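K.L.:
how would this look folded up:
(one chain, ligands or ions: 1)
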Amino acid sequence: MAVCPTGAVYISGSYRVHSGFWKNDHLFENGLTFPDPAGKGDSEPAPAEITELTETEKIIYTRRSIRLYQKKQVPAELIRRIIEAGRFAPSAGNNQPWKFIVIQNKELIDEINARCKKALKVHTRLTLPQAWWHKKVPGDKDARFSWWQKALLPLLVKWRPGDTDQRVRGGVNAATSDPDYHIFFHAPTVILQLADRRAIGGVDYDSGICAQNMVLAAHALGLGTCYVGLIDGLKLHAKFRKEVLGVTDPFEIVMALTLGYPQGDINTLVRRERARIAWFS
Ligand SMILES: Cc1cc2nc3c(=O)[nH]c(=O)nc-3n(C[C@H](O)[C@H](O)[C@H](O)COP(=O)(O)O)c2cc1C
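P.N.:
You can find the predicted model right below:
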């Protein structure tokens, strides 16, 4: 909606689920709000208020995931500057469990895209109603769950709920069934973030903080980024990971970030759900 204010892109309906395992709490009940750091309630997007914020807050609120890039390559010195912002992230015990692979080679980016898309088809086969033996796209109206999916899905939902969420199933299906879909959006640079499994006290948290430092630094430098969790597909390509990308144990790829100059300007703030806060005073 920020990109197409005239309504060219619109998702109708709501994600609200009233009962069962997927039941939402108050989230989605009270509507979305623009950033409201002053706690003024339903304030409007308020560009005037935004100008009163610190530079850091402005960078946080105006960052968006960028999926349309110019062809122009990002200079190495800017990439170093962005990684430096990641390097100075806090981590448990200052153990800094990260490593980066910068890829600016179009053929290699395209190959990773193709491999991930191929591997992610396994996900749709496990979690979506199937008609693939008729060469139909999983998710077709006349596709049906097979008996083994009916047996497997309830277990998957409990074991890895995030992987069976409708947004993931729909997203993976869209990405894998559209031959033109590029998981990196043809961005000129992709940075793979690796994590050291030996890390102390929660490597996911450390990795996320490090990546977000990089994302915010990139935005401050006028560059666009997008996290690409679909890089998970590379988990099924062990030989390629090791022999081509040089990823070896105890490191594993935890995230991919696209990087490039955005095409056009996204200058509208995005609304979010209200914060869920328990406040003891
Ligand atoms: C961990 C993580 C994984 C993500 N994976 C993808 C992805 O594979 N593809 C994609 O297009 N966007 C991906 N995103 C971007 C989210 O869709 C996006 O952050 C969210 O919709 C909010 O939009 P915004 O970043 O523009 O504020 C990912 C974001 C995060 C934090």
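
K.L.:
Quickly note the distance from the residue nearest to the spatial centre of the chain to the ligand.
P.N.:
Centroid check for the chain by Cα atoms, centre = their mean gives Tyr227 as the closest residue, at 3.9 Å. As judged by Cβ to the nearest ligand atom, to the nearest Å, Tyr227 and the ligand stand 4 Å apart. For every residue, glycine as well, the C-beta is placed using N, CA and C.

K.L.:
Looking at per-residue confidence, what score does that residue get?
P.N.:
According to the prediction, Tyr227 has pLDDT 98.

K.L.:
likewise His134?
P.N.:
Confidence score, pLDDT, at His134: 62.

K.L.:
Please apply the same query to Leu269.
P.N.:
At Leu269, pLDDT is 80.

K.L.:
My read is that it contacts Pro35, right?
P.N.:
Yes - taking contacts as Cβ atoms under 8 Å, Leu269 lies within contact range of Pro35: 6.1 Å.

K.L.:
returning to what we had before: tell me what the residue nearest to the centre of the chain is bridged to.
P.N.:
In this entry, Tyr227 is beta-bridged to Leu257, by DSSP bridges.

K.L.:
thought it was touching Ala211?
P.N.:
Yes - contact status for Tyr227 versus Ala211: in contact at 7.0 Å, counting by Cβ under 8 Å.

K.L.:
joint contacts of these two?
P.N.:
255, 257 (Cβ atoms under 8 Å, 6 or more residues apart in numbering).

K.L.:
What residues does Gln212 make contact with?
P.N.:
Contacts of Gln212 by Cβ under 8 Å, 6+ apart are Ala89.

K.L.:
follow-up on the earlier one: contacting residues around the residue nearest to the centre of the chain?
P.N.:
Applying Cβ under 8 Å, 6+ apart, the residues contacting Tyr227 are 65, 211, 215, 255-257.

K.L.:
Neighbour-wise, which one of these leads?
P.N.:
Ala256 (26 neighbours; other Cβ atoms under 10 Å).

K.L.:
Test my guess that that residue contacts Phe184.
P.N.:
Yes - here Ala256 reaches Phe184: they are 7.1 Å apart, a contact under Cβ under 8 Å.

K.L.:
Now the common contact residues for those two.
P.N.:
190, 228.

K.L.:
mind checking which helix or strand Glu252 is in?
P.N.:
strand 251-260 (DSSP states H and E).

K.L.:
and after that strand, which helix or strand comes next?
P.N.:
strand 272-273.

K.L.:
That next one: partners in the sheet, and parallel or antiparallel?
P.N.:
Strand 272-273 has these strand partners (DSSP bridges): strand 32-33 (antiparallel).

K.L.:
mean confidence score for the strand holding Glu252?
P.N.:
For strand 251-260, the per-residue pLDDT averages 98.

K.L.:
Output the below-cut-off pLDDT ranges for the stretch 51-200 of the chain.
P.N.:
131-139 (pLDDT under 70).

K.L.:
tell me which residues of stretch 246-263 are tucked away?
P.N.:
247, 251-262 (16 or more other Cβ atoms under 10 Å).

K.L.:
again with stretch 270-277
P.N.:
Of the residues in stretch 270-277, those buried (16+ other Cβ under 10 Å) are Val270.

K.L.:
quick one: is that stretch near the ligand?
P.N.:
Yes - shown here: stretch 270-277 in contact with the ligand (Cβ under 6 Å from any ligand atom) through Val270.

K.L.:
how far is that stretch from where the chain is centred?
P.N.:
Distance, stretch centre to chain centre, for stretch 270-277: 18 Å (Cα atoms, centre = their mean, to the nearest Å).

K.L.:
That stretch: end-to-end distance?
P.N.:
Taking Cα to Cα, to the nearest Å, the first and last residues of stretch 270-277 lie 20 Å apart.

K.L.:
quick one on the thing from earlier: and the ligand, which of the contacts of Tyr227 contact it?
P.N.:
Okay, of the contacts of Tyr227 touching the ligand (Cβ under 6 Å from any ligand atom), that's Ser65.

K.L.:
With respect to the ligand, which of the contacts of Tyr227 is nearest?
P.N.:
Ser65 (3.4 Å; Cβ to the nearest ligand atom).
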